[in-house]
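> sharing a model prediction with you, sequence too.
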Amino acid sequence: MAAESPENGYLFDLYRRYIGEPEDRTDVYLGFGLFIGGIALAAVALVLFLWSNTLEPRTTEHVRWAQPAYAIVMAALPITMLGIVVLLPSERRVRYASVGAVAVTFAAIVGFLIAYPYDWYGVGNDYTAEVVAVYAVGMAGLTASTGAALIAHYLDMARAADRVDAEDDESDESDDESYSDEEIRRDIDQAMDGVELSWGGVEKTEHSRLTFSEDEFDDIDVDVQATTTRSSGVDSQVAGLKGLKGGETKTTTSSSTVDDQTAKLRELREEQQAKEASSSATESESAVSSLLDRIRALLTRN
């Protein structure tokens, strides 16, 4: 049963930060309890050992403080490592192996309490080697189970990261495939809305204006001749329009006859020719008048 986050407090926040989502409340409390308890026992053993060193060696008073110091520090290390195994999301057999290894180390601690100081380190029957060997076997098994739990945890984290990356890739692919042709066409139409272009792709302008500066006619001889441009016919105009449209082959059907269309085109052409001739004559007259004024001003100045 997964633990609920609002009621758990600091320990569960710490567990989620460094390990992951806890599966059981007991694992969190027991694991942190063993881990912190082992560290506390090591601190107590250090204080007792330092105090025993102030006393005369192998005296009753020294043994009274040194014996529990050695026994507590021997128990602190396996308890701390067992806390790590309980905290990690390891398998049951790994935890059982860790508990068995801790039991072996505690058996060695009991042997030490019995042997020290009268049968220890060259005194009496000297059971030092036996006690140390049993303790080493227990610590070896505990180290192996702790390493297995750590490796399994890191492998789980790697697999979880791979699953997250795979899900992200699948979501990206699904997002890329979710756009249809109709949606893309609609987006293009919305983006081009309000843009006015001619058939050739050039922005259309609605003015016809010619501006001259008076300084442009200085030291320039102007020989103005009116030219007349004639249309090359209806067929050439239609071909030119098709060229501007970029090869578009769309056909438009008119309800009027060929004679009506020809008459309208003729009238339109005559109106355009009249406007061009009038505009050219006006511009020529203004240019000649401006030139004559400049010549008259020069003559008057001389």
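Structure received.
> CA atoms for contacts and neighbours, from now on please.
Fine.
> dump the residue contacts of the nearest residue to Phe106 once chain neighbours are set aside.
Distance criterion CA to CA, 6 or more residues apart in numbering; nearest residue to Phe106, sequence neighbours excluded, is Ala75 at 6.9 Å. Applying CA atoms under 8 Å, 6 or more residues apart in numbering, one finds that Ala75 lies in contact with 38, 41, 105-106, 109.
> what's the PyMOL line that selects buried ones from those?
Selecting only the buried members of the contacts of Ala75 in PyMOL, with burial defined as 16 or more other CA atoms under 10 Å, works like this:
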select buried, resi 38+41+105+106+109
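> which one of the contacts of Ala75 is nearest Ile295?
Nearest to Ile295 among those, counting by CA to CA, is Gly38 at 114.5 Å.
> read off the pLDDT value for the residue nearest to Phe106.
Reported pLDDT at Ala75 in the predicted model: 95.
> what does Ser290 give?
According to the model's per-residue confidence, Ser290 sits at a pLDDT of 76.
> where's it relative to Ala107, distance?
In this structure, Ser290 lies at 124 Å from Ala107, with CA to CA, to the nearest Å as the measure.
> again, but for Lys264
119 Å.
> got it, and Gly141?
When CA to CA is applied, the distance between Gly141 and Ala107 equals 14 Å.
> again, but for Gly83
19 Å.
> quick revisit: who has more neighbours, Gly141 and Ala107?
Set side by side, Gly141 and Ala107 show unequal neighbour counts under other CA atoms under 10 Å, the larger going to Gly141 at 19 against 15.
> helix/strand/coil for the nearest residue to the more buried one once chain neighbours are set aside?
Nearest residue to Gly141, sequence neighbours excluded (CA to CA, 6+ apart): Ala101, at 5.4 Å. Of the three states, Ala101 takes helix according to DSSP: H, G, I helix; E, B strand; the rest coil.
> show me the contacts for Ala101.
Contacts of Ala101 were listed using CA under 8 Å, 6+ apart, and they are 137-142.
> switch the cut-off to 10 Å
By CA atoms under 10 Å, 6 or more residues apart in numbering, the contact list for Ala101 reads 78, 82, 95, 107, 135-145.
> and Glu56, its phi and psi?
Backbone geometry at Glu56, expressed as degrees, to the nearest 10, gives phi -70, psi 130.
> what secondary structure does Ala69 sit in?
Under the three-state scheme (three-state DSSP), the conformation of Ala69 reads as helix.
> surely it and Phe112 touch.
No: using CA atoms under 10 Å, Ala69 is not in contact with Phe112, being 11.7 Å away.
> what packs against the helix or strand where Ser290 lies?
If you go by DSSP states H and E, Ser290 is part of helix 258-301. In this structure, helix 258-301 packs against helix 234-244, with contacts taken as 3 or more CA pairs under 10 Å, 6 or more residues apart in numbering; DSSP states H and E.
> what comes up buried for stretch 34-53?
Buried residues in stretch 34-53, defined by neighbour count with 16+ other CA under 10 Å: 34-39, 41-46, 48-49, 52.
> quick one: contacts for the residue nearest to Tyr121 when sequence neighbours are not counted?
Taking CA to CA, 6+ apart as the measure, Tyr121 lies nearest to Thr128, with 5.7 Å between them; neighbours along the chain are not counted. With contact set as CA under 10 Å, 6+ apart, Thr128 has these partners: 111-112, 115-116, 119-122.
> need the buried ones from the residues you listed selected in ChimeraX.
Those of the contacts of Thr128 that meet the burial criterion (16+ other CA under 10 Å) are gathered into one ChimeraX selection, given here:
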select :111,112,115,116,120
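> now Lys264: how far from Ser278?
The span separating Lys264 from Ser278 equals 21 Å under the rule CA to CA.
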